[in-house]
Structures are given as structure tokens and as C-alpha cells.
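Q: Build me a model:
(chains A and B)
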Amino acid sequence: MKENKFVIKQISVFSENKPGRLAAIARALQEEKINIMAFSIAEADGFGVVRALVDKPKKAHEKLGKLGFNVAFTDVIAVQMKDEPGGLYETARILGEGQINIEYAYAYSGKEAAVLILRVDNVEAAIAAIQKGGGTLIESSLFQ
Amino acid sequence: MRAWDPRIEEMPKADLAAMQYRLLKTLVYRLYSFSPFFHRRMEESRVHPDDIRSLEDIRKLPFMYKRDLRDNYPDGLFVCTQDDLVRYHVSSGTTGKPTVVGYTERDLENWTASLARGLVSCGLGRGDVIQVSYGYGLFTGGLGLHYGAERIGATVLPTSVGNTERQIELMQDLKATAIACTPSYLLHMGEVAEKMGVSIKDDTLLKVGILGAEPWSEKMRQRIQEWLGIRAYDIYGTSELSGPMFCECTEQKGFHVWGDLAYVEILDPETLEPLPAGERGEMVITMLQKEALPMVRYRIGDISAIDDSVCACGRTHPRVQRITGRVDDMLIIRGINVFPSQIEYALMSIPEVGQHFQIIVDRKGALDDMLVQVEVKKEAFSDKITDLMSIRKKVEHKLKNILNVAVNVELVEPGSLPRFEGKAKRVIDRRKI
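A: Next comes the predicted model:
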């Protein structure tokens, strides 16, 4: 599979659910002057996964790995939404009609537009569906 | 070399039994005459040395317990004066007072001979470099193995415990062919070596591990052997027996208990009746030749089984299977007996989690609650919570199957559980009963 310009490398970090773990991750990124564009924490019983879009994913992976964290790259896509009522509906509708399942998502509302970050079961199909449905994907180069 | 002392090690069984009876008879007369403690105990049990007329009559003798050593701290059980002692060792008391053991010159000689036989039986000898990574000092492990290894003409590298990176450098530079340490410390060394970019399997000459001082499992042996490219042998002993004493031979079918030095019984822990060979029960040991601190029918608290058939290696002395639990380390969770070794065994079969674990027992309301913390391996880490939850479920399911009691599992970060350089202390019991 050739590198798709819309596929973004998200870093995912396993973290115990206890005080100070996020700080340890964030500090490591600060030390490497890595900027976090978007992030979320998913929590389960006793542990969580910190997911982040950063400007230097390789460097972040290396640094956190060296500190003993369990780190993985995950392919996600980012969709630009209108920052107005119905913006999310438009994107979600396209994916639903394209039979694309969303595994998880998180969003942020920026100056220009709102952005939805998605992990889907089939990245290629999702990209095709969004393009066909008239949605706007954000290229990975904009983040990284 | 076939055996260190073939005359003893390959002695016909009948001769060995006759020798044991003679030694027992002598021991009992000696203790009855010279040890106020044994004299009193025998009177209380209404047994006289004349009542010992066969090896089986050992059952008439009273038991000894760890608390007897503590109650008679420091040297109340010694059957010699201090002039005759050439060494002390002291075991750390996990509860209350420590226990002191003493050795005459002959006691040290027998201890060393026992280890010399064991080391030769697992293929070591002159030309080998044996790294002794057991603690030196009051603990018996370091000095015991040290003298045993010197006796067979091997070169000793007395690294003791700690400073793991230096240990790995020395292992490479001085071409160690064998290491004696706890199995958990060897695993720790393997991990540290990998971080240093050293593969013990490919970058060292290590071929043998003499591992003991804590219970470990057959699965752990397989893992150590495959990962580190060595043969791993179980060694058994406690300070009351002298120290590490009995080692497996190349057959790896349990450690040979030298019959001229010790007599082993396996008893049903409830009825205290002897169990047939092969059945698991409480191990009771009598040291037949110890001078300074005799141990008779010592209820050491370890659970195992015995195989009294002649070993394929030609040695006639009985083999005791690896220790599968301790009577006193045993946890009782909601009325069910749980041994930490069972948990270790269960975890070894789950590739997604590491080999280190910690057990935390607490009481929630009226119920015991057992939490097992395990490390998720890097290769098994998934960004998806559902994948991680299913690893947890898998571990919980496996543990429940093996232990017959429901267990909560917590996934923790790799490297976050404590590593042990001496005896692993894997159970935190917070129950206040």
C-alpha cells in the first residue's frame, strides 16, 4: 500500500490510571519540543490509552519508548467540519452511508474550522467515501 | 566427569538405606545424650533411642519447626560449643527474630561436598567459569556455591547480587559458562542485558544456570532456556539444612537429595501420614550428619513429591520434584488454597503479558479480594481499549481456571512492577483479620 497523504500517524500510549502519568508523558514531549495538536484519553478500569496527534510522531515514539512506555503508531484520518450546527452530522452521514465503522473519534474546534479525528475500521475505504461524499480531508503534512 | 563421588552417588539402594539407618541411630543417641532440647522433646513424645529399630521408625520421632529455632535464638539448639564452630550464617527473619545457624568444620565439608556433587551432576567442572550472583554474607547462597564451585576446580566469579550492568560486562569479559542466582534475578539480568544491546544467548558463553532460593515453574524453565540459550537447573536448600544443598542433574527431573546427608519424607499435611511416591505433600527433612545444628524431622513448609526410582543418570539417590508451594506462603482466598507459583505458571502461558507479577490481597466487606498486577508486553499493546480489555479478560479467565477462585487483574506499564534481586516478594497481603 502506498503512503496515503491523508493517513496521519497518531501516537497511542498505554498509561496506568494514576496521578502523574499524563504529566510524565507531557513532560517527555515538552523536553523534545514536540507540539501536541490534538489529544484524548480513553479510560478503562485501572488503565487508559493516551492518544495524540503531534508534530514529530517518530521522535515522540522514540522518546516515550526509551522511557519505558508502551507506545504504538495508529493510522487515523482528520476531516474538516463546518464549525456550525450540522457540521458533525454531515461528516458522520457520509461515513454511515459508506458503511464505514468509527472505532473512536475526537474533535477540536480551531480558528479556521472544526476538525474530527477518526480511527475507522478501513482507512482506505473511509478516505474514498469522504472524498466521494464531498467532505474535506486534512493532509497529514499539515500536522506533521 | 561422570560423578564427583561415584561410590556414594551410585551406591545400591539397599546399601544406601542401611547407611541411612546407621546414621539415624547414631544421630538419635547423640541428640538424646547431648541435646537438652531433643532429650525433652523425645521424652514428651515417649520415645527412647532404643525404639528406633528401622529407618521407618523415624516416624516415632517428634517434629521440628522454624519456630524452634526462633524460640531458642540465637544458639539454644546447637549441640556443640562455640569453639567447634567455624562459621555462622543468619537468615533474615521475615516475621520477628532472625534465625542463626552454625557450622563445624565437618558441616562445611559436607555442605561443600553436596554442592560439588550437584554441580558435577549438571555438567560443570574444571574449565568452567561459575558466576555466583547469590548474595554473599549472612545469606548462605553466595558462600555455599562459592566453595562448592571451587571444590570441583571451576573458576569462581564472585559477583554477589546487584550492579547488574557490571555483572553482564564481567560475564562477557571473563567468559562465564555458568551462573548461580535466583531465577527472577536471571530474568532481570536478561532484560538489563537486552537494554545494553547484549544477548545472553548470542553474546556470552553462558550454558548453565543453577537457579534457586525461590519457587519457580517448569514453564519458567522453558522460557529461560529458550530465551537465554542455557540449561537451567533447580537447586534447593535453606539455611537450616546448611544452605543451597541439592541440585538437579542433567536429566532435569527433580533435585537429588543425597541420602547419606539427608532423609526426606513426604507427608499428608493434614494426617501427617506418609504419602506414596509421586504424590504431593509436605516435605519433612532429617539431616543425618549435621553436627552443630542437627535438624530432625524438620517441617520446612515446602510442598513437593518424591521419585525414589534410580535416575537415568545412574544416581540412586531420591529426586524431589521442584517445590510447588509453601505451606506458609500459601494464601487462603475465600477458603481456597492459592500458591503464588500457580499464578506464575498461568502467566507463563499468556504471551501478551510479562513474567513479573504482584499479588495484592485485601478484604472488601467480608470477602477476600485478590488483585494480580501484570505488565502488558510492548508487542501486545494495542491502541484499542477493547483489545486491552480482552487481554485482561484472558488473564482473569486463565487464573480462575487454574486457581478455582475469581481474581481481578490489573494491567500495568512494562517495567513498573518491582524486580527482585534476592527472594521475590510477590504477595502484599493487606487483609486485617
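Q: near chain B, which residues of chain A show up?
A: Within chain A, the positions adjacent to chain B are A:10, A:12, A:14-16, A:42, A:44-47, A:49, A:51, A:68-72, A:74, A:103-104, A:119 by C-beta under 8 Å from any C-beta of the partner chain. C-beta coordinates here come from the backbone N, C-alpha and C atoms, glycine included.
Q: Mind doing that once more with 7 Å?
A: Counting by C-beta under 7 Å from any C-beta of the partner chain, chain A comes close to chain B at A:12, A:14, A:16, A:42, A:44, A:46-47, A:49, A:51, A:68-70, A:72, A:74, A:103.
Q: Give the burial count for the closest residue to residue B:54 other than its chain neighbours, as a bare number.
A: Nearest residue to residue B:54 in three dimensions, chain neighbours excluded: residue B:21, at 6.7 Å (C-beta to C-beta, 6 or more residues apart in numbering or on different chains). Residue B:21: 19 surrounding residues under other C-beta atoms under 10 Å in any protein chain shown.
Q: got it, and residue B:216?
A: 26.
Q: Could you do residue B:307 as well?
A: The number of residues packed near residue B:307 is 14, by other C-beta under 10 Å.
Q: and if you look at the one 4 residues further on?
A: As a burial measure, residue B:311 scores 21 neighbours (other C-beta under 10 Å).
Q: Please verify my assumption that the residue nearest to residue B:54 contacts residue B:57.
A: No: counting by C-beta atoms under 7 Å, residue B:21 sits too far from residue B:57 to count as a contact (8.9 Å).
Q: can you tell me the helix or strand for residue B:354?
A: In this structure, residue B:354 is located in strand B:353-364 according to DSSP states H and E.
Q: And the helices in chain A, which stretches?
A: Assigned by DSSP state H, the helices in chain A fall at A:21-31, A:57-66, A:87-97, A:123-132.
Q: so which of those helices gets nearest residue B:373?
A: Nearest to residue B:373 among the helices of chain A is helix A:21-31; the distance by C-beta to C-beta comes to 15.0 Å.
Q: how far is that closest one from where the chain is centred?
A: Centre-to-centre, helix A:21-31 and its host chain are 18 Å apart (C-alpha atoms, centre = their mean, to the nearest Å).
Q: buried sites along that helix?
A: Using 16 or more other C-beta atoms under 10 Å in any protein chain shown as the test for burial, helix A:21-31 gives A:21, A:25, A:28-29.
Q: which one among those residues gets closest to residue B:232?
A: Closest to residue B:232, out of all of those and judged by C-beta to C-beta, is residue A:21, at 35.9 Å.
Q: got a list of what the nearest residue to the closest one once chain neighbours are set aside touches?
A: Among residues not flanking residue A:21 along the chain, residue A:15 sits closest, at 4.4 Å (C-beta to C-beta, 6+ apart). When contacts are counted by C-beta atoms under 7 Å, 6 or more residues apart in numbering or on different chains, residue A:15 touches A:21, A:25, A:47-48, A:50.
Q: cool, residue A:106 as well?
A: Counting by C-beta under 7 Å, 6+ apart, residue A:106 has contacts A:38, A:40, A:117.
Q: what about the last one, how many neighbours?
A: Taking other C-beta under 10 Å as the criterion, the count of residues near residue A:117 is 24.
Q: looking at the sheet around it, what are its partners?
A: Note on residue A:117: beta-bridge partners by DSSP bridges are residue A:78, residue A:106.
Q: Could you list the paired strands of the helix-or-strand element of chain B with minimal mean pLDDT along with their orientation?
A: Lowest by mean pLDDT, DSSP states H and E among the helices and strands of chain B is strand B:325-326, with a mean of 70. Note on strand B:325-326: by DSSP bridges, its sheet partners are strand B:298-304 (antiparallel).
Q: so does the following helix or strand past the strand holding residue B:354 get close to chain A?
A: Sequence-wise, the next helix or strand downstream of strand B:353-364 (DSSP H and E) is strand B:367-376. Yes: Strand B:367-376 is in contact with chain A by C-beta under 7 Å from any C-beta, via residue B:376.
Q: Strand B:367-376: which residues count as buried?
A: For strand B:367-376, by 16+ other C-beta under 10 Å, it's B:368-376.
Q: just stretch A:91-110 next, same as before
A: Within stretch A:91-110, the residues that qualify as buried are A:91-92, A:94-95, A:98, A:100, A:104-107, counting by 16+ other C-beta under 10 Å.
Q: Could I get the buried residues of helix A:21-31 in JSON lines, plus columns for pLDDT and distance to residue B:84?
A: What follows is the buried residues of helix A:21-31, written out as JSON lines (pLDDT from 0 to 100; distance: C-beta to C-beta, whole Å):
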{"residue": "A:21", "pLDDT": "91", "distance to residue B:84": "59"}
{"residue": "A:25", "pLDDT": "94", "distance to residue B:84": "63"}
{"residue": "A:28", "pLDDT": "95", "distance to residue B:84": "62"}
{"residue": "A:29", "pLDDT": "95", "distance to residue B:84": "67"}
